[in-house]
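J.: Need a 3D model of the following:
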Amino acid sequence: MKTLKLIKQEHSTKIGSACEFTPATVTESCLLEYEGKVIGFYLTELPDKLKQYISIANKEFLSKNVPKQEMSRGPQGTKKDKQKREESGKTLVTQYSTILGGVLAKAHMRRPYNSVSSVHTNPKAKTFIKAMLLSCLEAEKLIELYMPEQYASQKKLIEETTLPEYRFGNLFTSSISNFNIAASFHQDRSNLKNTVNVILTKRKDTEGGSLSVPDFGHTFEQADNSILVYPAWYNIHAVTKIIQHNEDAYRNSLIFYPLSGFDK
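T.: Numbers count the residues shown, from 1 in each chain. Got it, this is the predicted structure:
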């Protein structure tokens, strides 16, 4: 597999800036190297077992079995459009997400203590949770293969800083699945430093929804059945605007990440 050497660039992008549709510059499988160290990788094709697991997770996520946090962003149409969609059994909500694993305390959201996602107590979500956990473990094998030092150090860090009940797999604390959600420029400051995130992508009839990293001047394609491993704590990034080619089009990202704050 080829290596893409990342070079830091000057830019004026700030946290909170919107991220419009931009063509991907990274479309082939590669290791991501910065200052002589592999900091991540992108694979356009997954091993069969991982592909099978994320297909199951994706199918369950799109079903009514999995509770979602709904958002009203995106084109909703007129009241007549909404009524037609409702009559045809299609959701009016164009964007939603589901969190698994550890959830940090947030007093302003009336959640004064750390917890485990309530989705874990929902019997209907059992298949989704199992498929996501198996996907996580298979993704970790790829990290161990392509980034053995990162795998060892992140596993050690999780074991030292995170109570067992807040672990998701061996390298992470949490997971989020996002349906048709683009994101403005941000930095994952709540993540443990010197760690990587995993982004698995399922999509149908869409363009965009790619990870844009202005520090390196690259936008990662995130094709269907791809994996992107990246240190989201390190610098600002965004998800480009998603273009849907029909009403049934979607882009799902299945993400695993390690949060700080679940200390022993």
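
J.: Just say helix, strand or coil for residue 184.
T.: The local conformation at residue 184, judged by DSSP: H, G, I helix; E, B strand; the rest coil, is strand.

J.: can you tell me which residues contact it?
T.: Taking C-beta atoms under 8 Å, 6 or more residues apart in numbering, we find residue 184 in contact with 16, 17, 18, 19, 238. No exception for glycine: its C-beta is placed from N, CA and C like everyone else's.

J.: Show me where the protein has its helices.
T.: 48-62, 79-87, 126-146, 148-161 (DSSP state H).

J.: Would you mind putting these into JSON lines with mean neighbour count, distance to residue 259 and mean pLDDT alongside?
T.: Shown next, in JSON lines, are the helices of the chain (neighbours: other C-beta atoms under 10 Å; distance: least, C-beta to C-beta, whole Å; pLDDT from 0 to 100):
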{"stretch": "helix 48-62", "mean neighbour count": "19", "distance to residue 259": "21", "mean pLDDT": "98"}
{"stretch": "helix 79-87", "mean neighbour count": "11", "distance to residue 259": "36", "mean pLDDT": "63"}
{"stretch": "helix 126-146", "mean neighbour count": "19", "distance to residue 259": "15", "mean pLDDT": "98"}
{"stretch": "helix 148-161", "mean neighbour count": "15", "distance to residue 259": "10", "mean pLDDT": "98"}
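
J.: Any stretches of the protein with poor pLDDT?
T.: 72-94, 107-110, 264 (pLDDT under 70).

J.: And for the residue nearest to residue 17 when sequence neighbours are not counted, the neighbour number?
T.: Computed as C-beta to C-beta, 6 or more residues apart in numbering, the closest residue to residue 17 that is not its neighbour in sequence is residue 185, at 4.7 Å. By other C-beta atoms under 10 Å, the residues close to residue 185 number 19.

J.: And residue 125, by the same measure?
T.: Residue 125 - counted by other C-beta under 10 Å - has 22 other residues nearby.

J.: mind listing what it touches?
T.: Contacts for residue 125 (C-beta under 8 Å, 6+ apart) come out as 60, 65, 66, 67, 119.

J.: you'd agree the second one is up against residue 129?
T.: No. With contacts counted by C-beta atoms under 8 Å, residue 65 stays clear of residue 129, the gap being 10.3 Å.

J.: returning to what we had before: mind putting the contacts of residue 125 in CSV, distance to residue 140 included?
T.: Formatted as CSV, the contacts of residue 125 follow (distance: C-beta to C-beta, whole Å):
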residue, distance to residue 140
60, 21
65, 25
66, 22
67, 26
119, 21
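
J.: Report the buried members of these.
T.: 60, 66, 67, 119 (16 or more other C-beta atoms under 10 Å).

J.: Would you quantify the distance from residue 152 to residue 245?
T.: According to C-beta to C-beta, to the nearest Å, residue 152 and residue 245 sit 43 Å apart.

J.: who does residue 101 bridge with?
T.: Assessed by DSSP bridges, residue 101 has beta-bridge partners residue 174.

J.: Could you double-check that it sits in contact with residue 167?
T.: Yes. Residue 101 is in contact with residue 167 according to C-beta under 8 Å; the separation is 7.5 Å.

J.: Name the residues contacting each of those two.
T.: Residues touching both residue 101 and residue 167 (C-beta under 8 Å, 6+ apart): residue 173.

J.: Which of those two has more residues huddled nearby?
T.: residue 101 (27 against 18).

J.: Quick check: residue 179 vs residue 186, distance?
T.: From residue 179 over to residue 186 the distance is 19 Å, taken as C-beta to C-beta.

J.: more neighbours, the two?
T.: The neighbour comparison of residue 179 against residue 186 (other C-beta under 10 Å) goes to residue 179, with 22 against 15.

J.: which residues touch that one?
T.: Each residue near residue 179 by C-beta under 8 Å, 6+ apart is listed here: 61, 62, 68, 95, 96, 97, 250, 251, 252.

J.: Could you do residue 117 as well?
T.: Contacts for residue 117 were tallied using C-beta under 8 Å, 6+ apart; they are 99, 100, 101, 102, 103, 174.
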